[in-house]
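Undergrad: Fold the following, please.
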Amino acid sequence: MNGMNRPHSEQLPLWDVPDWVRMVGVFDLETTGIDVTADRIVTAHVGLLDASGGVIRARDWLADPGVEIPQGASAIHGISTEHARTNGRPAAAVVAEVVTAVSALLDAGIPVVAYNAPFDFSLLKYESVRYGITPIENPSPVIDPLVVDKAYDRWRKGKRTLEVVAAHYAVRLESAHEASADAVAAGRVAQALAERFAPWLPETVHELHTRQIGWARAQAESLTEYFIRIGRIDPDERLDGRWPIR
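TA: Model (predicted):
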């Protein structure tokens with residue numbers, strides 16, 4: 001029996017849950033857009049959750065990105081250009097502190113959960129380079145609930161946004177597209193995935209990290225084929241499957 005066929009209602013004994021769920025870091029950015037090489041950080045959250053998903057430690061940042069925040073982005077996360085300029089701290093300082101906070105978790109061997117990790121980690125990398133800050137080049141261990149969910153429940157229909165996936169795993173997500181709410185919800189979804197699919201998960205979080213590299217590549221190839229088939233992209237185009245940084 002594999003993870004994709006396992007009844008969702010089946011409960012696992014506590015000892016089957018992998019050790020890494022006892023403490024996970026969480027990381028999320030809200031930005032000026034979706035271009036990881038050109039867009040900027042507006043808000044950020046880095047935190048730490050215990051085994052029950054309770055918040056042990058949390059820190060939030062509001063940056064003045066130094067550029068106009070498009071109305072479309074403001075409509076999503078609620079931060080206007082005026083608000084960021086008035087209340088935000090200099091972007092370079094925020095980026096440096098976020099890098100330090102995420103690095104501290106990784107250096108301690110604590111897995112960092114980021115939903116659609118290549119977006120957040122890639123954008124943080126390019127922001128670091130922009131301000132002359134040493135970037136996080138190869139973050140590990142990282143857990144991406146989007147990749148893990150697709151790997152173990154591939155054929156489930158419907159969207160895979162954080163809001164939808166959180167609801168599927170009975171994780172409350174309030175104030176979606178707020179960095180702190182999204183980060184915490186993603187961490188709790190990762191813990192829910194660990195409980196549900198424990199018998200099929202790799203033995204260590206580092207092996208899980210490595211598996212996600214292959215899963216993400218395969219998922220991008222599959223989605224590429226689908227998009228070509230429906231005419232969304234040209235036959236010679238390919239989605240970038242690099243993970244956790246593009």
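Undergrad: quick check, residue 109 in a strand?
TA: No - if the criterion is DSSP: H, G, I helix; E, B strand; the rest coil, then residue 109 is coil and not within a strand.
Undergrad: For the protein, which segments count as strands?
TA: 23-31, 41-50, 55-64, 89-90, 112-113, 142-143 (DSSP state E).
Undergrad: ok, the fourth one: who's next to it in the sheet?
TA: According to DSSP bridges, strand 89-90 has the following sheet partners: strand 55-64 (parallel).
Undergrad: quick one: average pLDDT of the strand it pairs with?
TA: Across strand 55-64, pLDDT averages out at 98.
Undergrad: How far away from the center of its chain is that strand?
TA: Its chain's C-alpha centre and that of strand 55-64 lie 15 Å apart, by Cα atoms, centre = their mean, to the nearest Å.
Undergrad: what angle sits between it and strand 23-31?
TA: If you take axes from the mean of the first three to the mean of the last three Cα atoms, to 10 degrees, strand 55-64 sits at 20 degrees to strand 23-31.
Undergrad: Same question for strand 55-64: list its buried residues.
TA: For strand 55-64, the neighbour count (16 or more other Cβ atoms under 10 Å) marks 61, 62, 63, 64 as buried. (C-beta placed from N, C-alpha, C; glycine too.)
Undergrad: so how far is residue 127 from the first one?
TA: Counting by Cβ to Cβ, to the nearest Å, the gap from residue 61 to residue 127 is 12 Å.
Undergrad: what's the overlap in contacts for these two?
TA: residue 41 (Cβ atoms under 8 Å, 6 or more residues apart in numbering).
Undergrad: what's the closest of the buried residues of strand 55-64 to residue 231?
TA: For the buried residues of strand 55-64, the minimum distance to residue 231 (Cβ to Cβ) is 38.8 Å, reached by residue 63.
Undergrad: so what's that closest one bridging to?
TA: Per DSSP bridges, the residues bridged to residue 63 are residue 89.
Undergrad: Out of the strands of the chain, which one sits most buried?
TA: strand 112-113 (a mean of 30; mean count of other Cβ atoms under 10 Å).
Undergrad: What pairs with it, parallel or antiparallel?
TA: Using DSSP bridges, strand 112-113 pairs in its sheet with strand 23-31 (parallel), strand 142-143 (parallel).
Undergrad: What are the contacting residues of the helix of greatest length in the chain?
TA: Looking across the chain with DSSP state H, the single longest helix is helix 205-229. By Cβ under 8 Å, 6+ apart, the residues outside helix 205-229 that reach it are 18-20, 111, 118, 140-144, 147-148, 150-151, 201-202, 233-235, 237-244.
Undergrad: Could you do stretch 123-137 as well?
TA: Stretch 123-137 has contacts (Cβ under 8 Å, 6+ apart) with 29, 31, 36-41, 91-92, 95-96, 98-99, 102-103, 106, 121, 245.
Undergrad: Any buried residues in that stretch, and which?
TA: Buried residues in stretch 123-137, counted by 16+ other Cβ under 10 Å: 123, 124, 125, 126, 127, 128, 130, 131, 133, 135, 136.
Undergrad: mind putting the strands of the chain in TSV, distance to residue 70 included?
TA: Shown next, in TSV, are the strands of the chain (distance: least, Cβ to Cβ, whole Å):
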stretch	distance to residue 70
strand 23-31	10
strand 41-50	11
strand 55-64	15
strand 89-90	21
strand 112-113	28
strand 142-143	28
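Undergrad: circling back to that earlier point, in a markdown table, list the buried residues of stretch 123-137 along with distance to residue 195 and pLDDT.
TA: Shown next, in a markdown table, are those (distance: Cβ to Cβ, whole Å; pLDDT from 0 to 100):
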| residue | distance to residue 195 | pLDDT |
| --- | --- | --- |
| 123 | 30 | 98 |
| 124 | 29 | 98 |
| 125 | 31 | 98 |
| 126 | 35 | 98 |
| 127 | 34 | 98 |
| 128 | 34 | 98 |
| 130 | 39 | 98 |
| 131 | 39 | 98 |
| 133 | 37 | 98 |
| 135 | 33 | 98 |
| 136 | 28 | 98 |
